[in-house]
Every structure is written in structure tokens, then in C-alpha cells.
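Asker: make a model of this:
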Amino acid sequence: MSCDHFIGCAGGYGESGIVIFGAPFDGTASYRPGARFGPGAVRNESYSIETYSPYQNRDLGDMKIFDSGDLELCLGNAGRALCQIEEFAVKIFSDDKFPAMIGGEHLVSLGAVRAAFKKYPELCIIHFDAHADMRDDYMGEKLSHATVMRRCHELLGDRKIFQFGIRSGERGEFEFSKKHQFINKFDFAGLKRSMEKIGNSPVYFTLDLDVLDPADLPGTGTPEAGGAGFGELLSAVFEATKLNLVGFDMVELSPPCDLGGRSVCLACKLLREVLLAVKK
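Answerer: Next up is the predicted model:
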């Protein structure tokens, strides 16, 4: 059995406050490719979970959410793919809806962030990840999943990006984030303090699944030991969704890296909890 939409998300576009879309791009994957298959896998395997969340006592069946399917992206041209994502996200924002993007490698976030910034010039980013993603370039390439937060910094400016769970990167990335942004290594300990700094500012929430330990989620392109467990991540997600979120993405699920399928099942459950928590 499979679904052409994420379970419980069969609302029409006009009536829905949240719009799901897939960004199946992994053209700059630096280790293990396969994230382009993430959106389809999440959608197809979502039948394995319930629409009801016992964590929140809420049900997707009580909400109006539209799943627009996957974008047809130019896989051989990162710049063009980002423009396609941005164009689609601009439409969602212009209709006063909440975009929930499923990646895809982490670079796809840049397209959605560009769109969000056009509507919300005071935008902040909450960034859950194993990697700092603050390189200025990766092997000479400015557009890479290893540079996505640096490109976002160039757009938003200093003290607008709040990073958590970071446990991998070059020394220069950590130094740059410490000087220009807010970085919390290894865990989510500083999340509540960061939320106080953010206040009611508009927030884009980007969740790289490799923030989880590979023991929980092996199906990702660049796994890093020492990550969060599912319960720890879920608690942090519930905190982050108390902010004034205007957009969300979940990226770096690579189904071919976990043929047993447990990573996809976890991602489905996590997406359900985010959709229910944002309360749009």
C-alpha cells in the first residue's frame, strides 16, 4: 500500500493552512547520495503510522493540510533547482500559508529561506543539525549542502541563525558561527535561552535528520556519531514550535542508506508531530 499524499493530508489548497511539498534534490551530496528519494519515501510509507498523536492528543484528520507532491527539479543544476524551490515557496507565502518542505539534501533549504526572507525581512532560523554547514565553499563550490547556512547568513545577517546539535565541521565553521551566530554544540541545552532572544520574530525551522544519532537514523547521507535520540529531538521540536514559525523543512533522509526502512518510519512520525505542533 502507498499514498499519493502524506497520511491525513488530503485537504484542498484553498482550504489548507499548511502546504507540504517535496524537494527531491541531492546534486551536491558529498558522501552518500540518495536524499532525492526522501520525499517520495516519506509520503509512500506514511500509511505505517496513525494520524493521531498520543504525544499531543491531536489528529491530522482534524486539520486541513495540502500535499502538493514533489517539485520537478533540475537535478543537474543546483542554482536552477533553488530558483524553482524559491518560486514555489513564494507562491505559498503570498497566499499566507505555511510551507512544509521535505528534502532532499540540505541545500534545498536555501530556496525556501530566500522566499521567506522576501516576506519576512526580520527572519530568524532555528537549525537542528549534526553539521555546521558554514563553509564558504566546498571544493570550490559556493552552492552545497556544506555551505547552506553560510549562504543563509549572507542573506539574514549576524545573530539571526540559532544552531543546535552541531558536532561536525571545520574549525573555521565553528569559529564563524560563534562570532556571527548562535551555536550550541552537541545538544539542545541552549534552546530556551535562544527562544527568549528570538521573541516573536518570524522563524524558519530547518531540521536536518542527521542531528539524530545513526543508531536511531542510519538512513542519511553523512551520519555522525554522538547525536540525539528520538525522544530528545522530539522534546526540542515541541519547544521550537512554540516560536512564531513561518516555515519548516525536514532534510537529508536518504532511504537507500537504510534498506531496512526504520529511518523512513522515524521521519514519518517526526513529520506528523511537527505538522500537528505548528497549529496553522
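Asker: pLDDT below threshold where in this structure?
Answerer: Residue ranges of the chain with pLDDT under 70: 1-3, 280.
Asker: quick one, helices of it?
Answerer: Ranges of helices in the chain, per DSSP state H, are 38-45, 78-94, 108-119, 148-156, 171-180, 191-198, 230-240, 262-278.
Asker: how about those helices, which one is nearest D210?
Answerer: helix 262-278 (10.3 Å; Cβ to Cβ). Bear in mind the C-beta positions are built from the backbone N, C-alpha and C, glycine included.
Asker: other SSEs contacting that closest one?
Answerer: strand 18-23, helix 38-45, strand 52-53, strand 98-103, helix 230-240, strand 245-251 (3 or more Cβ pairs under 8 Å, 6 or more residues apart in numbering; DSSP states H and E).
Asker: and for T51, the neighbour number?
Answerer: T51: 18 surrounding residues under other Cβ atoms under 10 Å.
Asker: correct me, but P39 touches D70?
Answerer: Yes: with contact defined as Cβ atoms under 8 Å, P39 reaches D70; the gap is 5.1 Å.
Asker: pull up the overlap in contacts between those two.
Answerer: Residues touching both P39 and D70 by Cβ atoms under 8 Å, 6 or more residues apart in numbering: 22-24.
Asker: reformat those residues as JSON lines; add neighbour count.
Answerer: Converted to JSON lines, those look like this (neighbours: other Cβ atoms under 10 Å):
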{"residue": "G22", "neighbour count": "24"}
{"residue": "A23", "neighbour count": "30"}
{"residue": "P24", "neighbour count": "22"}
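Asker: nearest to R114, of those?
Answerer: A23 (13.0 Å).
Asker: dump the helices of the chain into JSON lines; add mean neighbour count and distance to D133 as well.
Answerer: Converted to JSON lines, these look like this (neighbours: other Cβ atoms under 10 Å; distance: least, Cβ to Cβ, whole Å):
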{"stretch": "helix 38-45", "mean neighbour count": "24", "distance to D133": "17"}
{"stretch": "helix 78-94", "mean neighbour count": "19", "distance to D133": "14"}
{"stretch": "helix 108-119", "mean neighbour count": "24", "distance to D133": "9"}
{"stretch": "helix 148-156", "mean neighbour count": "22", "distance to D133": "4"}
{"stretch": "helix 171-180", "mean neighbour count": "15", "distance to D133": "8"}
{"stretch": "helix 191-198", "mean neighbour count": "15", "distance to D133": "17"}
{"stretch": "helix 230-240", "mean neighbour count": "18", "distance to D133": "18"}
{"stretch": "helix 262-278", "mean neighbour count": "21", "distance to D133": "19"}
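Asker: for Q163, which of those is the nearest?
Answerer: Going by Cβ to Cβ, the one of these nearest Q163 is helix 171-180, 6.0 Å.
Asker: CA atoms only for that closest one, dumped as CSV, please.
Answerer: Written as CSV, here are the backbone C-alpha positions of helix 171-180 (Å, rounded to 0.1, in the frame of the first residue of the first chain):
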residue,chain,number,x,y,z
ARG,A,171,37.4,24.6,12.9
GLY,A,172,36.7,27.8,10.9
GLU,A,173,33.0,26.9,10.7
PHE,A,174,32.7,26.7,14.5
GLU,A,175,34.7,30.0,14.9
PHE,A,176,32.5,31.7,12.3
SER,A,177,29.2,30.6,14.0
LYS,A,178,30.5,31.6,17.4
LYS,A,179,31.4,35.0,16.1
HIS,A,180,28.4,35.7,13.9
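Asker: output the contacting helices and strands for that helix.
Answerer: Using 3+ Cβ pairs under 8 Å, 6+ apart, helix 171-180 sits against helix 148-156, strand 161-166, strand 182-185.
Asker: list the contacts of that helix.
Answerer: Applying Cβ under 8 Å, 6+ apart, the contact partners of helix 171-180 are 132-135, 149-150, 153, 158-159, 161, 163, 166, 183, 185.
Asker: I am finished for the moment; much appreciated.
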